[in-house]
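Chemist: need the 3D shape of this:
(one chain, ligands or ions: 1)
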Amino acid sequence: MMTEADLREGIVRLSKSLFDRGFSVGSAGNVSVRLADGLLITPTNSCLGFLEAARITKLDREGRHVAGDPPSKEVFLHRAFYDTRPQAGAVVHLHSTYATALSCLTDIDPDDCIPPLTPYVVMRVGTVKLLPYFRPGDARSGDLIRALKGAFAAVLLANHGPVVTGTDLGAAVYAAEELEETAKLLLLLRSCPTRRLTPAQVDELRTVFGAATPGSA
Ligand code: 13P
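Modeler: Numbers count the residues shown, from 1 in each chain. I've put the predicted structure just below:
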């Protein structure tokens, strides 16, 4: 069983890994993990590359500040997922370049904005819903996630970036990376006739690997 100290160190380590590989820049992005008695989340305006474990914010189940620096202004995105997806143990929000580029396009399918191009996006991410734009820190984005009632493990915020869940922080980070790389492939292939996985191939992945589907992590 991971202690709170282990989870704090895990946030520092994996957030730095995301930053070092360019998945987040400046103070963009925020990362959280669920606790039995609340959650840990990166502080507002912090850089994912230079977090300090002791300064990571702890909130209780009601969202009250318990310890650390003031929380990310996007905490309601994270809480909306925890409240509606019992299997979500961690949430990662990024402004990663290709997923954010995709989120600005006017002709993507809002109900399936990261289509099944390769097996791993099916296995790690599942179907992704595009949500309409609200400014960063506007709690209405959280309301939109709540309205999905846990049916999606990941969403893309229009003109903003992805919010991705996993059973634990490692799974959420893998899913965020897979989403980003698939967005890159989609943009690389945008003007090419492209073969997607068929519904039967997607079903096979879900059967064999218990892939992320609406309703699973
Ligand atoms: P915070 O610095 O408050 O976490 O906000 C960063 C961000 O990614 C806004 O969308």
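Chemist: now the residue lying farthest from the centre of the chain: which helix or strand?
Modeler: For the chain, the largest distance from the centre (CA atoms, centre = their mean) belongs to residue 193, which lies 28.9 Å off. Using DSSP states H and E, residue 193 sits within no helix or strand.
Chemist: next, it: phi, psi?
Modeler: phi -60, psi 130 (degrees, to the nearest 10).
Chemist: quick one: it from the ligand, how far?
Modeler: Distance, residue 193 to the ligand, by CB to the nearest ligand atom, to the nearest Å: 35 Å. Just so you know, the C-beta spots here come from the backbone N, C-alpha and C atoms, and that holds for glycine as well.
Chemist: mind pulling up the pLDDT for that residue?
Modeler: Residue 193 is assigned 96 on the pLDDT scale.
Chemist: quick check: bridge partners of the residue nearest in space to the middle of the chain?
Modeler: The structure's the chain has its C-alpha centroid closest to residue 164; by CA atoms, centre = their mean the separation is 1.7 Å. Beta-bridge pairing for residue 164 (DSSP bridges): residue 92, residue 154.
Chemist: distance of it relative to the ligand?
Modeler: 13 Å.
Chemist: wait, doesn't that residue sit right on residue 88?
Modeler: No - with contact defined as CB atoms under 8 Å, residue 164 and residue 88 do not form a contacting pair (9.7 Å).
Chemist: residues of the protein that sit close to the ligand?
Modeler: Residues of the chain found near the ligand, taking CB under 6 Å from any ligand atom as the criterion, are 27-30, 44-45, 72-74, 93, 95, 136.
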